[in-house]
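Asker: coordinates only, sequence not included:
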């Protein structure tokens, strides 16, 4: 199989424009077929393996999810209303922690995706002609980053993704400290 793909690559590189596109598509199809069988490889460093756990984490962090879905403390039918949150400072603090935790986890996943992209750079370069599930992952990353910025320009575009994760973790820590203060105000006199 590898020799056949190598031959396709060699022929595509030397082909004229009309044949080059067809040979590149044929080569991409063969690579995809090979990747479909990658689970049987002896080598644990399968192509794009770094992205597999990231795919699983993205489902829970969809920015379209309503409040309370990250920890699943309430379902949609019995979640507190905004009016109830206004009068119940403990629930308000819990929601602030949930939102900050979701943001922190999202930033950590984006940092992991950045690290995976660096690790998989050679595979990504080789796979640039392929339109498969990996491109869906990149769209999901863009949607997550867009959700974080709330339509504001990304001022940290030149920074490392880990910097955003550190900021999000600091915000989570602050939300936890505020929740602790609220909880202490609600402690009984014998506490």
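Answerer: The structure has been received and is ready for your questions. Just so you know, these numbers come straight off a predicted model, no measurement behind them.
Asker: from here on, just use CA atoms for contacts and neighbour counts.
Answerer: Noted.
Asker: worst-scoring helix or strand of the protein, pLDDT-wise?
Answerer: Using mean pLDDT, DSSP states H and E, helix 133-149 stands out as the lowest-scoring helix or strand of the chain, at a mean of 56.
Asker: please pull up the helix or strand immediately following that helix.
Answerer: helix 161-185 (DSSP states H and E).
Asker: that next one: which residues count as buried?
Answerer: 161-162, 164-165, 168-169, 171-173, 175-176, 178-179, 182 (16 or more other C-alpha atoms under 10 Å).
Asker: residue 30: which of these is nearest?
Answerer: Closest approach between those and residue 30, by C-alpha to C-alpha: residue 161, at 34.1 Å.
Asker: quick one, what contacts the closest one?
Answerer: 107, 110, 111, 114 (C-alpha atoms under 8 Å, 6 or more residues apart in numbering).
Asker: tell me the contacts of the last one?
Answerer: With contact set as C-alpha under 8 Å, 6+ apart, residue 114 has these partners: residue 161.
Asker: distance of it from residue 167?
Answerer: Look at residue 114 and residue 167: by C-alpha to C-alpha, to the nearest Å, they are 17 Å apart.
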